[in-house]
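Engineer: Show me the folded form of this:
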Amino acid sequence: LIQLGGLGFMTLTSFLLLLAGRWVIFRDFRVSDALGAENAGDFVGLLVWTLGITVAFEAGGAYLLATTLKDPGATGYPWWSASFHAISAFNNAGFDIVGDGASLVSYAGDARVLSIVAGLSFAGALSAPVIISLVGLLGRRRLGADAKLAIVTTVLLTVAGAAFIFLMEISNPATLGPLGTSD
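Structural biologist: Below is the predicted model of the structure:
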């Protein structure tokens, strides 16, 4: 369910409509802007790219987490725990399979684990169409206004959120006890 939600309501709905033999009006600006596709061929390409990006990020994240996690989690299977956390992070879901709200608390000072999870969350927040646009920069394409807006907004929200949490926790003795200021 996390994965289905992460693929996006618009993408999944349009795909199901195409499978059912119904027309999706790609020229409607709301559909073309939301999907980054102006016709059925563009949509199929977008869907393939979206699935490829999702699989690449989640599989790469699962591999990195599986080789990094000290505690395999409640299930006792490091690949299951790593896969769950990678999918959850990329889709910005944040569920806990360890139990008692522990999730990744035991990794609060582990920069490698937190960097992997943060990178997956950041990439997932950008979305596949924006990542496709960023890949297009290699081919000297320009970023569209929607991609620029998504990147700037995601960066600003991430920096503002991190600064807010840091300022709220810097004077909290319960946080500073187990963690140093840099953590």
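
Engineer: Kindly format the C-alpha coordinates of stretch 94-106 as PDB.
Structural biologist: C-alpha atoms of stretch 94-106 as PDB (Å, rounded to 0.1, in the frame of the first residue of the first chain):
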ATOM      1  CA  GLY A  94       7.400   6.600   8.100                       C
ATOM      2  CA  PHE A  95       5.900   3.500   9.600                       C
ATOM      3  CA  ASP A  96       7.600   1.500  12.300                       C
ATOM      4  CA  ILE A  97       8.100  -2.300  12.100                       C
ATOM      5  CA  VAL A  98      10.500  -2.600  15.100                       C
ATOM      6  CA  GLY A  99       7.700  -1.900  17.600                       C
ATOM      7  CA  ASP A 100       7.100   0.500  20.500                       C
ATOM      8  CA  GLY A 101       7.800   3.500  18.200                       C
ATOM      9  CA  ALA A 102      11.500   2.500  18.100                       C
ATOM     10  CA  SER A 103      11.800   2.500  14.300                       C
ATOM     11  CA  LEU A 104      15.300   3.900  13.600                       C
ATOM     12  CA  VAL A 105      15.900   5.400  17.100                       C
ATOM     13  CA  SER A 106      18.900   3.200  17.800                       C
END
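
Engineer: outside of stretch 117-135, which residues touch it?
Structural biologist: Residues outside stretch 117-135 that contact it (Cβ atoms under 8 Å, 6 or more residues apart in numbering) are 6, 8, 35-36, 46, 49-50, 53-54, 57-58, 61, 65, 85-86, 89-92, 104, 141, 143-144, 146-147, 150-151, 154, 158. Every residue, glycine included, has its C-beta placed from N, CA and C.

Engineer: Kindly report the same for stretch 142-156.
Structural biologist: By Cβ under 8 Å, 6+ apart, stretch 142-156 touches 33, 36, 122, 125-127, 129-130, 133-134, 136-137.

Engineer: now with 7 Å?
Structural biologist: 33, 122, 125-127, 130, 133, 137 (Cβ atoms under 7 Å, 6 or more residues apart in numbering).

Engineer: buried residues in that stretch?
Structural biologist: For stretch 142-156, the neighbour count (16 or more other Cβ atoms under 10 Å) marks 147, 150, 154 as buried.

Engineer: any idea which element the second one lies in?
Structural biologist: So the one you mean is Ala150. helix 145-169 (DSSP states H and E).

Engineer: Need the distance between the two termini of stretch 130-144.
Structural biologist: Using Cα to Cα, to the nearest Å, the end-to-end distance of stretch 130-144 comes out at 9 Å.

Engineer: pLDDT of that stretch, averaged?
Structural biologist: For stretch 130-144, mean pLDDT rounds to 81.
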